[in-house]
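In: Structure for this input, please:
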Amino acid sequence: MNLADPEQSARFVQLLTGMQSRLYAYLCTLLGRSHEARDVLQETNLVLWKKAADFDAARPFEAWAIQFARFQAMAWRKRQSRDRLVFDDTAFDFLAGESSRAGTGADDELRALENCLRKLPERSRTLLSRRYSENVSVNELALAEECAPNALAALLYRARKVLADCVRGTLNAGEGAA
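Out: Numbering: from 1, shown residues only. Here you go, the predicted model:
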């Protein structure tokens, strides 16, 4: 792909940005930690950009990008080899294979999740966001909401259950792909 050509450059950027959630999920599966997956995703994006001229537009972009993500994850593992929490080669290869097979529905699941989150009441969305996106503890949330931690935990449980049921229903109805 010739990045000097504005049309081809725009197409490559579109393909690359469209793959970010898929690449991130794949790297999270391989590396086990989200902050490391973010770092490796950035490295992967740089390599993909540098190798854009080698991309054959007649072939699937996803498979090409996933291969580079895997190589970057392997390079990260090599750099981290002294850390006892790094997967061995067998586990790494197994996870890479499983993630490749399972990842095709990840975009549908993400769309379903986003759609279902919009359907939740504002308070539930805010509590879930603060708890899971901002990593605020249940005790801190309870203090801010002026309620007992058990009551807040119950609210979070109910919100997660409604969200999970909605996502499941959306995916079963085939609405996640829309």
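In: what residues are up against V136?
Out: Residues counted as contacts of V136 (CB atoms under 8 Å, 6 or more residues apart in numbering) are R130, A144. For the C-beta atoms, the positions are set from N, CA and C on the backbone; glycine is no exception.
In: what about it, distance to A144?
Out: Using CB to CB, to the nearest Å, one obtains 8 Å as the distance from V136 to A144.
In: With D165 instead?
Out: When distances are taken as CB to CB, D165 and A144 turn out to be 27 Å apart.
In: Kindly provide the whole-number mean pLDDT of the longest helix seen in the chain.
Out: Taking DSSP state H as the criterion, the chain has its longest helix at helix 149-173. In this model, helix 149-173 has an average pLDDT of 90.
In: Stretch 60-79 too?
Out: In this model, stretch 60-79 has a mean pLDDT of 88.
In: Helix, strand, or coil at V136?
Out: Under DSSP: H, G, I helix; E, B strand; the rest coil, V136 falls in the coil class.
In: Let me see the confidence value for it.
Out: At V136 the predicted local confidence, pLDDT, stands at 83.
In: how close does the most centrally placed residue in the chain get to V136?
Out: In the chain, the centroid-proximal residue (CA atoms, centre = their mean) is A25; its distance is 3.4 Å. A25 sits 24 Å away from V136, taking CB to CB as the criterion.
In: Now do the contacts for A148.
Out: So, once contact is read as CB under 8 Å, 6+ apart, A148 ends up touching A142.
In: start the count at 53, not 1, going forward
Out: Okay, residue one is now 53; in that scheme the one you just asked about reads as A200.
In: From R90, how far out is it?
Out: According to CB to CB, A200 and R90 sit 35 Å apart.
In: just checking, what packs against the longest helix of the chain?
Out: Contact here means 3 or more CB pairs under 8 Å, 6 or more residues apart in numbering; DSSP states H and E; on that basis helix 201-225 packs against helix 158-171, helix 174-180, helix 190-197.
In: 6 Å - rerun?
Out: Packed against helix 201-225 by the contact rule (3 or more CB pairs under 6 Å, 6 or more residues apart in numbering; DSSP states H and E) you find helix 158-171, helix 190-197.
In: what is the mean pLDDT for the longest one?
Out: Per-residue pLDDT values over helix 158-171 give a mean of 82.
In: ok and that helix relative to helix 201-225, angle-wise?
Out: 130 degrees (axes from the mean of the first three to the mean of the last three CA atoms, to 10 degrees).
In: That's all I had, so thanks and see you.
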